[in-house]
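In: Kindly generate the corresponding structure for this input.
(2 chains)
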Amino acid sequence: GNSVTQMEGPVTLSEEAFLTINCTYTATGYPSLFWYVQYPGEGLQLLLKATKADDKGSNKGFEATYRKETTSFHLEKGSVQVSDSAVYFCALSDSSNDYKLSFGAGTTVTVRA
Amino acid sequence: KAGVTQTPRYLIKTRGQQVTLSCSPISGHRSVSWYQQTPGQGLQFLFEYFSETQRNKGNFPGRFSGRQFSNSRSEMNVSTLELGDSALYLCASSMGQPQETQYFGPGTRLLVL
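Out: Coordinates of the predicted model:
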């Protein structure tokens, strides 16, 4: 079946530091990959996505590249801000699972001023 | 365009009661999916409705049920509440095509005492 593994948090950074959150996946078919972000007390917001190998998703300074050879979709941001403090979820959607979203456990990121 | 809305935002119930949660999708979206988020289990898929029919179902007991109306609004019902049902319930909407992005609402936080 499908599964998503994220690096465990929490992650604490200083402002302007570089952020990487590792995400690897297992899927039967050719999944679409997503990063969602959840700010305190809110629902999930789509951060970025990629639908095929070597695609790069980007938004708000965040980037992730779909790497089929390593089954990875690591999230990166070059210079984080306090407002980036949130929980980040890696997810996949695949035909073998009727396109239901399968989520990783989430990584809590705290950015200090 | 208005986003996904969920009502109520917060709910307190006691064991044995039943509860109904409501989700209004983005205008034009025909698919509504429900997810349960808990600290222990993370984000788990409950079910998906498309054009008033349940199209997908997760691994939850029959106490969890849902329906969708002709205007695509969806309701989720949980009967005979248990303490373990305390969670954030999120709904997400999309046009309903494969691998399409799902857009999430703010969630309903249910506390069972």
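
In: backbone phi and psi for A:Asp84, please?
Out: phi -80, psi 0 (degrees, to the nearest 10).

In: Any residues of chain A in contact with chain B? List them.
Out: Within chain A, the positions near chain B by Cβ under 8 Å from any Cβ of the partner chain are A:31-32, A:34, A:36, A:42-46, A:49, A:51, A:89, A:93-95, A:98-106. Every C-beta, even on glycine, is put in place using the N, C-alpha and C of the backbone.

In: Pretty sure B:Gly105 sits against B:Met76.
Out: No. Contact criterion Cβ atoms under 8 Å: B:Gly105 and B:Met76 do not qualify, at 11.7 Å.

In: so what sits against both of the two?
Out: By Cβ atoms under 8 Å, 6 or more residues apart in numbering or on different chains, B:Gly105 and B:Met76 have these common neighbours: B:23, B:91.

In: With adjacent residues omitted, what lies nearest to residue 51?
Out: All of this refers to chain A. A:Ser32 (4.6 Å; Cβ to Cβ, 6 or more residues apart in numbering or on different chains).

In: You answered for a different chain; I wanted chain B.
Out: That would be B:Arg30: by Cβ to Cβ, 6+ apart, it lies 5.6 Å from B:Ser51.

In: ok, that neighbour touching B:Glu100?
Out: No. Using Cβ under 8 Å, B:Arg30 is not in contact with B:Glu100, being 10.8 Å away.

In: pLDDT below threshold where in chain A?
Out: Applying pLDDT under 70 to chain A picks out no residues at all.

In: can you pull out the strands in it?
Out: Per DSSP state E, chain A carries strands over the ranges A:3-6, A:11-14, A:19-21, A:23-26, A:32-38, A:44-50, A:56-59, A:62-65, A:75-77, A:86-93, A:101-103, A:107-112.

In: Over to chain B?
Out: Taking DSSP E to define them, one finds strands in chain B at B:5-7, B:10-13, B:19-24, B:31-38, B:42-50, B:53-57, B:64-68, B:74-78, B:87-94, B:103-104, B:108-112.

In: Give the buried residues for the fifth one.
Out: Meaning strand B:42-50. B:42-50 (16 or more other Cβ atoms under 10 Å in any protein chain shown).

In: what do you get for stretch B:55-67?
Out: In stretch B:55-67, counting by 16+ other Cβ under 10 Å, buried: B:55-56, B:60, B:64-66.
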